[in-house]
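> Mind folding the following:
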Amino acid sequence: DMGAKITVDSATMMNKGLEVIEAHYLFGADYDDIDVVIHPQSIIHSAVETMDNSMIAQLGWPDMRLPILYSIAWPHRVAMP
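All right, here's what the predicted structure looks like:
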């Protein structure tokens, strides 16, 4: 066991690129209005800056438990085991 991943690799960068494309098409955001930030601890998954400069962020553990739970329980929200 080599411990936790502490680097940014090409898979991380490719994922960020796909997220930019997703934000552009799903939310109609211009590419120039989308900033990519790599959070080293992978806790912040997304953040939106509002017109008054406040931020709304989605936080979660850096694993797939929550996305898998969302896909199984949709459209309901259930407690995480």
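> Helices of this structure, start to end?
For the chain, the helices defined by DSSP state H cover 10-27, 65-73.
> who wins for proximity to Ile56 among those helices?
Distance to Ile56, taken as CB to CB, is lowest for helix 10-27 among these, at 13.2 Å. To be clear about C-beta, it is placed using only N, CA and C from the backbone, and glycine gets the same treatment.
> So which other helices or strands are in contact with the closest one?
Applying 3 or more CB pairs under 8 Å, 6 or more residues apart in numbering; DSSP states H and E, one finds that helix 10-27 contacts no other helix or strand.
> So which residues make contact with it?
For helix 10-27, contacts defined as CB atoms under 8 Å, 6 or more residues apart in numbering pick out 29-31, 34, 36, 38.
> pLDDT-wise, what's the bottom of those?
In terms of pLDDT, Ile38 ranks lowest among those, with 79.
> Report the separation between that residue and Met14.
Applying CB to CB, to the nearest Å, the value for Ile38 to Met14 is 13 Å.
> I'd like the contacts of helix 10-27 as JSON lines, with distance to Glu19 appended.
Formatted as JSON lines, those follow (distance: CB to CB, whole Å):
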{"residue": "Ala29", "distance to Glu19": "11"}
{"residue": "Asp30", "distance to Glu19": "15"}
{"residue": "Tyr31", "distance to Glu19": "12"}
{"residue": "Ile34", "distance to Glu19": "9"}
{"residue": "Val36", "distance to Glu19": "8"}
{"residue": "Ile38", "distance to Glu19": "11"}
